[in-house]
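Trainee: Show me the folded form of this:
(one chain, ligands or ions: 1)
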Amino acid sequence: MKKLFKKVAYLEGLVDGADLEDRKVKRILDEIVDVLEDVVEALQELQDNQEDLEDYVASVDEDLEDLEEEVYGDDDDENEANDYDDDVSYVEVECPDCHDTVYFDSDILDDEDPIEVTCPNCDAVVFVNDDGLGPADHLTEEEKDDHNNEDI
Ligand SMILES: [Zn+2]
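Mentor: Take a look at the predicted model:
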């Protein structure tokens, strides 16, 4: 933009310095130089506004990022939470009644207290932590029970 200002100023000097005999031509050239000056000034203003707008958009973008972090949670925190979740392993059991897949914390397997895991879908017991019986053993037992019930 400075280059343009210099060029217009140079042109203005040329017109002023030229020993033009025709006054009308000199006047036209002066007018052209004036218009050029206005155009370059307008361009400069446009560029300044553009830069202001870019700064503004950047600050809005920053604010939006902060807001997103607040609303959706910080990405880093989320990753940490996922890392914690990865440390916890889940046991997958099929519900004997509705055949829905039920997940529960594998810590329950190590728990000394008897814990019943029920299906969130139909409330059927899918696993009972009673002295080392795995989910498979337990399911087999329940299946036997079901058969007994049918016989009665
Ligand atoms: Zn179920």
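Trainee: so Asp113, which of the three states?
Mentor: At Asp113 the chain is in coil, as set by DSSP: H, G, I helix; E, B strand; the rest coil.
Trainee: Share the number of residues neighbouring it, please.
Mentor: Counted with other CB atoms under 10 Å, the neighbours of Asp113 add up to 7. (Each C-beta comes from the backbone N, C-alpha and C, glycine too.)
Trainee: At the contact with the ion, which residues of the protein appear?
Mentor: 95, 97-98, 100, 119, 121-122, 124 (CB under 5 Å from the ion).
Trainee: rerun at 8 Å
Mentor: Counting by CB under 8 Å from the ion, the chain comes close to the ion at 95-100, 102, 119-124, 126.
Trainee: Now for these, which sits with the most neighbours around it?
Mentor: Neighbour count (other CB under 10 Å) singles out Val126 as the most crowded of the residues of the chain next to the ion, with 28 neighbours.
Trainee: you'd agree that residue is up against Pro120?
Mentor: No: Val126 is not in contact with Pro120 according to CB atoms under 8 Å; the separation is 9.5 Å.
Trainee: In this protein, what residue spans correspond to strands?
Mentor: Ranges of strands in the chain, per DSSP state E, are 90-94, 101-105, 116-118, 125-128.
Trainee: thinking again about what came up before, who touches both of Val126 and Pro120?
Mentor: Common neighbours of Val126 and Pro120, counting by CB atoms under 8 Å, 6 or more residues apart in numbering, are Val102.
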